[in-house]
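Participant: okay, here's the prediction I keep looking at, along with the sequence it came from:
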Amino acid sequence: RERSVPTVAPPAPPRVEPAPIPLPTDGRVIVEAREYPWSALGRVNTGGRGFCTGILIGPRHVLASAPCLYNAIEGRWWHRSEVHFVAGYQRDEYLADSPVSGYLAAPGYDPRAGASLANVANTWAVITLTDPIGSETGWLGVQALDEDLRRRVALGEAQVLPVGYRRGRHHVMLLNLGCGLAGAVPTASYIQPNCEVLPGDAGLPPLVFSDGDLRPASEQVSNLAPGSLGAALRGAGIVP
């Protein structure tokens with residue numbers, strides 16, 4: 001008689017867990033500046049010698065910080081002809097650029113007053129570009145930093161993503177994951193990333209990722225009083 005040989009299943013291969021992606025020790029990751037949404041950010045170049053981070057919030061409007069537009073060495077504001085915006089800048093390449101036709105710095109900001117209470121609350125600037133390059137790169141708009149959004153940040157349901165051009169890495173856009181998951185300290189009225197920012201970026205509204213959208217968030221969006229950020233955004237057609 002022919003003996004039957006029992007079928008034995010081959011042993012299952014050992015389970016191999018994927019190795020975690022190593023992060024730099026300082027938590028900084030280079031993002032691809034020419035891909036949306038990062039392409040909506042760029043460098044505000046001033047006087048051929050300085051720069052700060054700017055955020056396209058419309059086809060031809062950039063949100064920046066007032067200190068960025070002040071020439072502290074000469075004690076004057078940069079003339080619009082000395083300011084240039086480059087979107088999606090990465091290692092001497094970029095997606096689009098435009099001269100500046102004008103800008104509005106927060107009327108309450110006094111560059112000679114240091115860290116006064118008025119300056120802390122008035123550090124924004126809205127730059128108007130000559131060309132609507134946001135139609136090519138995309139733009140982010142802006143959202144209100146209200147009580148609900150601050151609560152969601154505190155619970156980790158929304159994340160603050162500090163991203164921009166940093167000291168010592170002028171030619172790449174860095175996302176700072178070293179700030180923690182939420183990346184911010186919520187207070188009664190403001191959130192600020194727990195990480196180093198360039199002096200020219202101080203006061204730039206933080207980028208908040210919420211409900212699938214990445215947008216700068218400011219409590220002043222809903223303030224429509226003359227001289228407020230909300231009034232400036234309404235005048236630019238950014239908010240209704």
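Facilitator: Sure, I can see it.
Participant: so what's the residue count around the closest residue to Asn71 other than its chain neighbours?
Facilitator: Closest residue in space to Asn71, ignoring its immediate chain neighbours: Trp78 at 5.5 Å, by Cβ to Cβ, 6 or more residues apart in numbering. Where you see a C-beta, it was placed from the backbone N, CA and C, and this is true even at glycine. By other Cβ atoms under 10 Å, 20 other residues sit near Trp78.
Participant: I figured Trp78 hits Gly47, correct?
Facilitator: Yes - look at Trp78 against Gly47 with Cβ atoms under 8 Å: they come within range, at 5.9 Å.
Participant: mind listing the shared neighbours of the two?
Facilitator: Shared contacts of Trp78 and Gly47, defined by Cβ atoms under 8 Å, 6 or more residues apart in numbering, comprise Asn71.
Participant: how many residues are close by the nearest residue to Gly48 once chain neighbours are set aside?
Facilitator: Leaving aside its chain neighbours, Gly48 sits nearest to Glu82 (7.6 Å; criterion: Cβ to Cβ, 6+ apart). By the measure other Cβ under 10 Å, the count of residues near Glu82 is 16.
Participant: now do the buried residues in the helix ranked longest in the chain.
Facilitator: When the chain is parsed with DSSP state H, its longest helix is helix 147-155. Buried residues in helix 147-155, defined by neighbour count with 16 or more other Cβ atoms under 10 Å: Leu149, Arg150, Arg152, Val153.
Participant: pick out the most distant pair among those residues.
Facilitator: Spatial extent of the buried residues of helix 147-155 (Cβ to Cβ) is set by the pair Arg150 and Arg152 at 7.4 Å.
Participant: what packs against the helix or strand encompassing Asp97?
Facilitator: According to DSSP states H and E, Asp97 maps onto strand 96-105. Applying 3 or more Cβ pairs under 8 Å, 6 or more residues apart in numbering; DSSP states H and E, we find strand 96-105 packed against strand 83-87, strand 124-129.
Participant: quick one: which of these is nearest Gly141?
Facilitator: The nearest among those, by Cβ to Cβ, is strand 124-129 at 13.0 Å.
Participant: for that closest one, which outside residues touch it?
Facilitator: 44, 54, 60-66, 68-69, 83, 85, 98-106, 203-205, 218, 220, 229, 232-233, 236.
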